[in-house]
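**Student:** Just need the structure, nothing else, for what follows:
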Amino acid sequence: MSIDELEQQANKQDPVAQYSLAQAFFTGKDVVKDPQRAIDWLRRSADNGYSLAQLKLASAYDNGLAIEQNIDMAVYWYTKAAVQGLARAQLKLGALYEREYNEYQNLTHLDLAKVWYKVAVENNSQQAELGYNRVLEAKFNAMRAAQLGQFKQLDSKTSSPAPLVPVTELSPSPAKPSGWTLPEVSQEVGIAIIAGTFALALISVLILGRRKGKQKQATKQDNQAAREATRLRKEIEKNRRQLISQNAAIKDLKAAQHEQGFALACAFLGINPKKIPAMEEIKQRYKKLCRVYHPDANGSDDDMKKLNAALKVVLKHTTQTK
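**Tutor:** This is a model prediction of the structure:
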């Protein structure tokens, strides 16, 4: 087909002809090479739903080819091609999110990369399988690093043992002054008194020794109890932090799934998730797509179900963000 014939078909909104014309202007085959006109025809073909044009336009935005680099628009067009089942777009989308994670260390990007790599793997992409394994390894390393960080924080926190209750020592009461004198005693009585005093002193020493032994034992038990309490506090803190981390991970995953679902819905409706138009414009867009996807217009019931579901997601998101 000549360039003139191709252009006639392209002007009739034939997306394949528009894509072929864009390729011609990119390569300069049979026409003067003109990247700007190539982008223009490529965008028209992509708007008309041709997945190869959407993939190439996304790649142009991704790499800044004949157009200013714009990652958001690259994600938008990659997603539109990916939801149509194009494995290369799914692979590119996974690679883009993996690249974003490597730059910003945002686990949400890692989760999205995992999702699209997995979809591409199911679409028989061997390259996606390598990417999927890389993402799994990166996620494992990130989780392990987070756990090691938590352990270091717990180790750095030292809890002081519970204060011991001081034991008050008994002191002998001061001797009361008396006005009488010790009477004289015999030698035998004196010896008996000395022997009794020695025995009393010995008994006192034994009692005090027993008390000190009990006090040391009590101190040892108190120290053990304090150490056990410290260990339990650390264990509780560790479990609490793990629970917080797990909840945060679940929350991030849910947010990533919600974000991905919203992006897919926007892609199906052909709108930019970063720049949601007014509700009336969304409905007008829906009506136009009904003419394409309705069973009476060479569409199918399945296409209409997807279109209705996409509209519901976008309208719900628009209502919640107001």
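
**Student:** Tell me the gap between stretch 135-154 and the middle of its chain.
**Tutor:** Mean-position distance between stretch 135-154 and its chain equals 12 Å (Cα atoms, centre = their mean, to the nearest Å).

**Student:** Begin at 47 from now on, thanks
**Tutor:** Sure, I'll start counting at 47 from here, so that last one is stretch 181-200.

**Student:** Over that stretch, what's the mean pLDDT, rounded is fine.
**Tutor:** Throughout stretch 181-200, pLDDT has a mean value of 81.

**Student:** Next, the buried residues of it.
**Tutor:** Residues of stretch 181-200 classed as buried: 181, 184, 185, 196 (neighbour count, 16 or more other Cβ atoms under 10 Å). Glycine gets a C-beta too; all of them are placed from N, C-alpha and C.

**Student:** which residues are in contact with it?
**Tutor:** 140, 144, 147, 151, 153, 156-157, 159-160, 163, 280, 283-284, 287-288, 291, 295 (Cβ atoms under 8 Å, 6 or more residues apart in numbering).

**Student:** Which PyMOL command selects the buried ones in those residues?
**Tutor:** Here is the PyMOL command that selects the buried residues among the contacts of stretch 181-200 (16+ other Cβ under 10 Å):
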select buried, resi 140+144+147+153+156+157+159+160+163+287
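
**Student:** Just put the buried residues of stretch 181-200 in CSV and tack on secondary structure and distance to residue 168.
**Tutor:** Output for the buried residues of stretch 181-200, formatted as CSV (DSSP: H, G, I helix; E, B strand; the rest coil; distance: Cβ to Cβ, whole Å):
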residue, secondary structure, distance to residue 168
181, helix, 15
184, helix, 20
185, helix, 19
196, helix, 35
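
**Student:** hmm, which two among those are most spread apart?
**Tutor:** 181 and 196 (22.8 Å; Cβ to Cβ).

**Student:** ok so, going back, specify which member of the buried residues of stretch 181-200 is nearest to residue 318.
**Tutor:** Nearest to residue 318 among the buried residues of stretch 181-200, counting by Cβ to Cβ, is residue 181 at 25.9 Å.

**Student:** and the gap between the closest one and residue 171?
**Tutor:** Residue 181 is 14 Å from residue 171, where distance means Cβ to Cβ, to the nearest Å.

**Student:** tell me the contacts of the residue lying closest to residue 138 once chain neighbours are set aside?
**Tutor:** Spatial nearest neighbour of residue 138, excluding adjacent residues (Cβ to Cβ, 6 or more residues apart in numbering): residue 124 at 5.3 Å. If a contact means Cβ under 8 Å, 6+ apart, then residue 124 has 100, 101, 104, 108, 135, 138, 139, 142 as its contacts.

**Student:** Now go through these and say which are in helices.
**Tutor:** 100, 101, 104, 108, 135, 138, 139, 142 (DSSP state H).

**Student:** so which of the contacts of residue 124 would you say is closest to residue 335?
**Tutor:** Taking those together and measuring to residue 335 by Cβ to Cβ, the closest member is residue 100, at 15.4 Å.

**Student:** Next up, the contacts around the closest residue in space to the closest one that isn't next to it in sequence.
**Tutor:** Spatial nearest neighbour of residue 100, chain neighbours left out: residue 127 (3.9 Å); criterion: Cβ to Cβ, 6+ apart. Residue 127 sits next to 97, 98, 100, 101, 104, 134, 135 when contact means Cβ under 8 Å, 6+ apart.

**Student:** Please consider this matter closed, and thank you.
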